[in-house]
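Undergrad: let me see the structure of the following:
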Amino acid sequence: MNDKRSTDFLNNQNLLVLMFKWRKPLIIVSIIAFIVSVVVSLLMTDMYKSTVTLFPSTNNSISKPLIGTIPVRDDILKFGEKEEAEQTLQILKSDQIRNRTVQNLNLITYYNIDTLQPKWKAKLIEVFQGNITFNITKFSAVEIEVLDKSPEMAAKIANEIAFLIDTVKNDMQRKTSQKALTLVQEKYNEQVEHISVMEDSLRILMSYGIMDYETQIERYTEQLSIAILQNKTSAIKALEEKLSVFSKYGTTFLNLRDRIFLEKKQLTFLFSKLQEARLDANNQLSHVFIIDYATPADKKHSPKRMIIVLISVMSAFLFTFVFLLIKDSVSNLTAIKQD
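TA: Coordinates of the predicted model:
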């Protein structure tokens, strides 16, 4: 008999009987929970949400897709994919984005952060990260969501963070591009000076009468043959003197001329790289395509007061019922042991 009662103790009929038996404490606790949850929810500050949706770009250099000598697959108007979205997400979570947003919008004062307190920076970070979230959508777009008690401020913070992506990324790239520009400029100047030295040497050789080696050699040799046939001694001597100059300096002339030609090709290549470096150092493209700018919300995002009240009442009811159920079970077990 006792086993039968124990088995059926928690069936639906018994639960309904127990609820009816304990209806007074259950109703009282539920009413108290209702009143308390209503008061608490009314004391909670209304929060408004603003969202910026953007796509990162695929290109980090302005020169390569525009004037680069090496073809690239990505153009400057192509949307980024998952990898670029994750890189953008990492930038959004950086200290630079947070610090600049706080500074530009004076959020320390706005969030009532007491800078005299020893842990005010930790509190500022906690408030900032609690109100601002970053997400990647299934289409590789990045969403910046901001919660704030003011719909205008929520929109302002979200838009400010979106604008700072370009600022922070350009600042990071500018350091590298400026250094690259300096290195390429130095190499270009060295090449110009190197070619100038060789051209000076070539001009010295040209002062000996060597202008166009191949053509001149051919003509002088032909004229020497004619002079020999005509037995013109003075002409033969003059031509042999000229040919001796070509014999003495010809190889050096040819080497210098060919080297200058190759070095000028290298100079042309360096000049194109210099133009690319200057373009990268002095100009920046936007790294994001903003699809939706944040606008002040006309409807609060939280708290959901009806849901808070409903969950609170249900939780209080269930907690009280379980408590009474356990208490009654303990009483029954004690009675059974005494029997």
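Undergrad: partners of the top strand by length along the chain, with directions?
TA: If each strand of the chain is counted by residues according to DSSP state E, the longest one is strand 48-56. For strand 48-56, sheet partners with direction are given as strand 142-148 (antiparallel), strand 288-292 (antiparallel), following DSSP bridges.
Undergrad: export those strands to a markdown table and tack on distance to N112 and mean pLDDT?
TA: C-beta here means a position set from N, CA and C on the backbone, and glycine is covered the same way. A markdown table is the format used below for the strands paired with strand 48-56 (distance: least, Cβ to Cβ, whole Å; pLDDT from 0 to 100):
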| stretch | distance to N112 | mean pLDDT |
| --- | --- | --- |
| strand 142-148 | 13 | 95 |
| strand 288-292 | 30 | 89 |
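Undergrad: please identify the deepest-packed of those.
TA: Using mean count of other Cβ atoms under 10 Å, the stretch among those with the greatest mean number of neighbours is strand 142-148 (a mean of 22).
Undergrad: name the helices or strands packed onto the next helix or strand after it?
TA: Next along the chain after strand 142-148, taking DSSP states H and E as the criterion, comes helix 151-206. With contacts defined as 3 or more Cβ pairs under 8 Å, 6 or more residues apart in numbering; DSSP states H and E, the secondary structure elements packing on helix 151-206 are strand 48-56, helix 82-92, helix 95-105, strand 142-148, helix 233-282, strand 288-292.
Undergrad: minimum distance to T320: which of the ones you listed has it?
TA: Across those, T320 has its closest neighbour in strand 142-148 (33.5 Å, Cβ to Cβ).
Undergrad: out of the helices and strands packed on helix 151-206, nearest to I210?
TA: With Cβ to Cβ, the closest approach to I210 among the helices and strands packed on helix 151-206 belongs to helix 233-282: 5.0 Å.
Undergrad: show me what the closest one is packed up against.
TA: Other elements packing on helix 233-282 under the criterion 3+ Cβ pairs under 8 Å, 6+ apart are helix 63-67, helix 151-206, helix 213-230.
Undergrad: quick one: low-confidence parts of the stretch 51-200 of the chain?
TA: Along the stretch 51-200 of the chain, the parts satisfying pLDDT under 70 run over 59-80.
Undergrad: re earlier: how distant is the longest strand of the chain from the center of its chain?
TA: Between the mean C-alpha point of strand 48-56 and the mean C-alpha point of its chain there is a distance of 16 Å (Cα atoms, centre = their mean, to the nearest Å).
Undergrad: against K273, how distant is Y48?
TA: The span separating Y48 from K273 equals 51 Å under the rule Cβ to Cβ, to the nearest Å.
Undergrad: just give the nearest non-adjacent residue to T167, would you?
TA: With Cβ to Cβ, 6 or more residues apart in numbering as the measure, R100 is the residue that lies nearest to T167, at 7.2 Å, once sequence neighbours are left out.
Undergrad: for T133, what are its contacts?
TA: Listed by Cβ atoms under 8 Å, 6 or more residues apart in numbering, the contact partners of T133 are E145.
Undergrad: buried sites along the helix or strand containing it?
TA: Using DSSP H and E, the secondary-structure element containing T133 is strand 132-136. Within strand 132-136, the residues that qualify as buried are 132, 134, counting by 16 or more other Cβ atoms under 10 Å.
Undergrad: also stretch 292-301?
TA: Residues of stretch 292-301 classed as buried by neighbour count (16+ other Cβ under 10 Å): 294, 297, 301.
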